[in-house]
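Trainee: Dropping a prediction and its sequence here:
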Amino acid sequence: MQRKTSAFHTENLESDVSGELKKMLIEAYREADYSGAAVDQFEVIFNPNTYTQKYDIEYEERQGQGDTGSPQVFGKIKPQEYTFDFLFDGTGAVVPEMDVQSTVERFLTVTGKHDGEIHRPLYLKLSWGALISKCVLKSAEVTYTLFKSDGYPLRAKVKANFSENVEDALRVAEERKSSPDLTHLHTVEQGEHLSLLAHKYYGEPGRYLQVAHYNKLLNYRRLQRGQVLAFPPIKDLTGEA
C-alpha cells in the first residue's frame, strides 16, 4: 500500500504560514537510538514536489489438509518506506550557481557512505513539515540530465528510498496483540512447528525446547492439529525469578 503526498512546487520552495523558508533537513547519527548529537547533516536545496510513503504488511498463508481456502494469517508490519525525487540544479536560474557533482556526492556521503566508526552507513532523521522519520537510506539512483560543454553536470535528479529504522524489539512490542505478562493458549494448526511458535510468542525460535518441556510434550517434532499449547511469560518458562 502506497500513499503519495503532495508538497509545494520546487521552484516555490517550502515555507510556513509566516513566509519563512523551511527546507528538508537530513541529520545523521552514529547511535541506533539517536542518542547524542548528530554527527553530520544535509539541507536539501530544493524541496521535493511529492513523496511516496509505502506501508507493507506481511501475511502468511496457511492451508490445512483438505481445506480449500488459504486464510491470511498476520505475520508482521514491515518498516515504512519513503521515496523522494531530489533536484540538484547548478544552472543558476533559481539559486546561486553550485557544483552539482560535489553536492550530489555530499548528499550520498551523509546518507549512505560507510562510516569507519560504526562500520556501516549512518542512521538518519528526516525532518520536513509534519514529516519526521528515523530511517536509513535503502537506495539512491542518480540521473544527470544537463551538462556543460566540458562534460561537467549542471543538473541532476536523485531518486532516494529510505526505510524506517525501527529496532526489532520495539517493533515486536508495538505489534504484539496481547500482553507478554500473560500466558497465551495457542491451538495448533496444520503444519505448524514449535520453533516458529516460539518465535511468534517470544521472538526467539531457540526457546522451543523450553516450550516443549513446559507443555510436557513427548514428541515436539510432530505437533497435532487442534492440540492446545501454553506459552507463559519467559520468567515462568525458564523458572527465573
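Mentor: Structure's in. What do you need? Bear in mind the structure is a predicted one, so any value in this text is a computation, not a measurement.
Trainee: quick one, which residue of this protein lies the farthest from its center?
Mentor: Among the C-alpha atoms of the chain, the one most distant from their mean position (C-alpha atoms, centre = their mean) is that of Ser149, at 41.5 Å.
Trainee: contacting residues for that residue?
Mentor: Under the criterion of C-beta atoms under 8 Å, 6 or more residues apart in numbering, Ser149 has no neighbours. Placement of C-beta: from N, CA and C, glycine included.
Trainee: you'd agree it is in a strand?
Mentor: No: using DSSP: H, G, I helix; E, B strand; the rest coil, the assignment for Ser149 is coil, not a strand.
Trainee: neighbouring contacts of the helix ranked longest in the chain?
Mentor: Across the chain, the helix with the greatest residue count (assigned by DSSP state H) is helix 100-112. For helix 100-112, contacts defined as C-beta under 8 Å, 6+ apart pick out 26, 28, 40-42, 45, 86, 88-90, 121-122, 124, 137, 140, 142, 144, 152-156, 158, 160.
Trainee: Val211: what secondary structure?
Mentor: Per three-state DSSP, the local secondary structure of Val211 is helix.
Trainee: What count of nearby residues applies to it?
Mentor: 22 (other C-beta atoms under 10 Å).
Trainee: Equivalent analysis for Ile45, please.
Mentor: Using other C-beta under 10 Å, Ile45 is surrounded by 20 other residues.
Trainee: what separates the residue farthest from the centre of the chain from Gln101, distance-wise?
Mentor: 15 Å (C-beta to C-beta, to the nearest Å).
Trainee: Over to Ala230?
Mentor: As for Ala230, its distance to Gln101 is 62 Å (criterion: C-beta to C-beta).
Trainee: do the same with Phe231
Mentor: For Phe231, the distance to Gln101 - C-beta to C-beta - is 56 Å.
Trainee: More neighbours: which of these two?
Mentor: In this view Phe231 and Gln101 are compared by other C-beta under 10 Å, and Phe231 has more residues nearby, 22 against 16.
Trainee: I'd say the more buried one and Val211 touch.
Mentor: Yes: using C-beta atoms under 8 Å, Phe231 is in contact with Val211, at 6.6 Å.
Trainee: shared neighbours, those two?
Mentor: Common neighbours of Phe231 and Val211 (C-beta under 8 Å, 6+ apart) are 197, 237.
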